[in-house]
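> sequence and predicted structure below; questions after.
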Amino acid sequence: MTERIAIVTDSPADIPEALSAALGITVVPALLVMEEQAYEDGVQITREEFYRRLPELPQPPTTAAPSSGSYQRSYQDLFDRGFDRIVSLHVASTISAIFESAHLAARPFGDRVIVVDSGQVSLGLGFQALAAARAAQAGADLAHVLAAIRETRKRVRVVAMLDTLEYLRRGGRVSLLQAGLGAMLRVRLFVELHEGRVQFLERVRTRLRAVNRLWDMVVTQGPFEQFAVLHANAGDEAAALLERLNASLPATPLLVNVNTVIGTHVGPKALGFAAVLRS
C-alpha cells in the first residue's frame, strides 16, 4: 500500500492560500513582534497593514519562529487524519530559528517526520514545497518526494531589489555608514539568497534604472518552469513588471506580496522575483 505523505511548511514560503489548499499543504504561521505584541503572520495581521505601519514604528519589529508545540500539533493532526509520513520544509536555517523549532518538534515522531532545510525563503522555499506536494499527491513514495525537493532546489533563484538600506541596517545587515551613503545616493541594492547565504549583487542609482535592471535579469535567466514577481506592498509596480515580462514567462506566473518576516528586513517597496529554471 502506498504511504500517504503530508507536506508542512511555514508562512514565509509565500505560497498563495488557494494553491496551498488545493495541494493540501499545511502552513504554520511565523511570528511578528511589533510594539510589544506578537502577531501570527497572515493570520492576526495582514501584510498590507504591516507595510502601512512599518515606516512609522518607533522601534523596528522583530520576528520569531513558531513554537515547537505549534509544529507538534500540526504533525499530530496530520497523523490523526491518516497520513503515514510528513515532510516538513523550512526557511534556511542560516537566517532563521524556524528550522530548529521544527526539528525539535519532530523528534518525538521519529522517522515519520522528515525535516528539510530549504536553504531558501519566500517562494524559493515555496516552490520546493509545491514540488513535494505535487509529487505526494501523485502517489510518489518518500524517496521520490525528497528527490523532487532536491531537483527543484538546484534550479531555484530568488533576487530582491531593495528600495532602501534602512531596514537592513536596523537588522544589522549593513553598517550605518553604508546605509547613510545609500540614502544619500538613492542607491537600490540587489541581493540574492543562495544556499542560505545573502549575497550582495550590485547597486543601481535610481528606482527606474533598478526596475529596468530587474527586467534585464529576468529575461536573461529563462526559460522558466515556474515564476513569481515578489513585492513588498508595491502591487501596482509589480503588476506592471509582470505584464512587461509576460512573453518571457510560464503560463501561470504568480504575483506575491511577501510575508512580514521578509518585509521586516527589506522594508516597503522592495521588488524581486523567484523562479525555477527549466531543466
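Received it, and whenever you're ready, just let me know what you need.
> burial measure for D111, as a count.
8 (other C-beta atoms under 10 Å). C-beta coordinates here come from the backbone N, C-alpha and C atoms, glycine included.
> go on, A22?
Neighbours of A22 under the rule other C-beta under 10 Å: 11.
> give me the distance between it and E225.
Between A22 and E225 the computed distance is 18 Å (C-beta to C-beta, to the nearest Å).
> do the same with V187
Distance of V187 to E225, computed by C-beta to C-beta: 33 Å.
> ok, T63 next?
Counting by C-beta to C-beta, the gap between T63 and E225 amounts to 30 Å.
> what score does the residue most central in space within the chain have for pLDDT?
Nearest to the mean C-alpha position of the chain, counting by C-alpha atoms, centre = their mean, stands S122 at 0.9 Å. For S122, the model assigns a pLDDT of 95.
> can you check L31 too?
89.
> L230 is in contact with the residue nearest to the centre of the chain, correct?
Yes. Contact criterion C-beta atoms under 8 Å: S122 and L230 qualify, at 6.0 Å.
> what is in contact with these two at once?
Between them, S122 and L230 share these contacting residues under C-beta atoms under 8 Å, 6 or more residues apart in numbering: 14, 158, 256, 258, 274.
> so which of those residues belong to strands?
Judged by DSSP state E, the shared contacts of S122 and L230 include 158, 256, 274 as members of strands.
> for the closest residue to A129 other than its chain neighbours, which residues are in contact?
Spatial nearest neighbour of A129, excluding adjacent residues (C-beta to C-beta, 6 or more residues apart in numbering): T9 at 4.3 Å. T9 is in contact with 15, 25-28, 88-90, 125-126, 129, counting by C-beta under 8 Å, 6+ apart.
> go with 7 Å
Listed by C-beta atoms under 7 Å, 6 or more residues apart in numbering, the contact set of T9 reads 25, 27, 89-90, 125, 129.
> partners of the host helix or strand of it in the sheet?
T9 belongs to strand 5-10 when assigned by DSSP states H and E. For strand 5-10, the paired strands and their directions (DSSP bridges) are strand 26-28 (parallel), strand 85-90 (parallel).
> okay, these, which one's buried deepest?
Mean neighbour count, computed with mean count of other C-beta atoms under 10 Å, is highest for strand 85-90 among these, reaching a mean of 25.
> can you report how many residues lie near the nearest residue to A64 once chain neighbours are set aside?
Residue nearest to A64 in three dimensions, not counting chain neighbours: L31, with 4.1 Å by C-beta to C-beta, 6+ apart. Neighbour count of L31, defined by other C-beta under 10 Å: 20.
> distance check, L31 against A136.
Counting by C-beta to C-beta, the gap from L31 to A136 is 27 Å.
> go ahead and confirm P223 touches S279.
No. If you go by C-beta atoms under 7 Å, P223 and S279 don't touch, sitting 10.1 Å apart.
> and the host helix or strand of L78, how far from the chain's centre?
Following DSSP H and E, one finds L78 within helix 68-80. Relative to its parent chain, helix 68-80 has a centroid offset of 22 Å by C-alpha atoms, centre = their mean, to the nearest Å.
> quick one: list the elements packing against it.
strand 26-28, helix 98-106 (3 or more C-beta pairs under 7 Å, 6 or more residues apart in numbering; DSSP states H and E).
> which neighbouring elements make contact with the longest helix along the chain?
Longest helix in the chain, counting residues (DSSP state H): helix 123-137. Helices and strands touching helix 123-137, as assessed by 3+ C-beta pairs under 7 Å, 6+ apart, comprise strand 5-10, strand 85-90, helix 142-154, strand 156-162, strand 224-231, strand 271-277.
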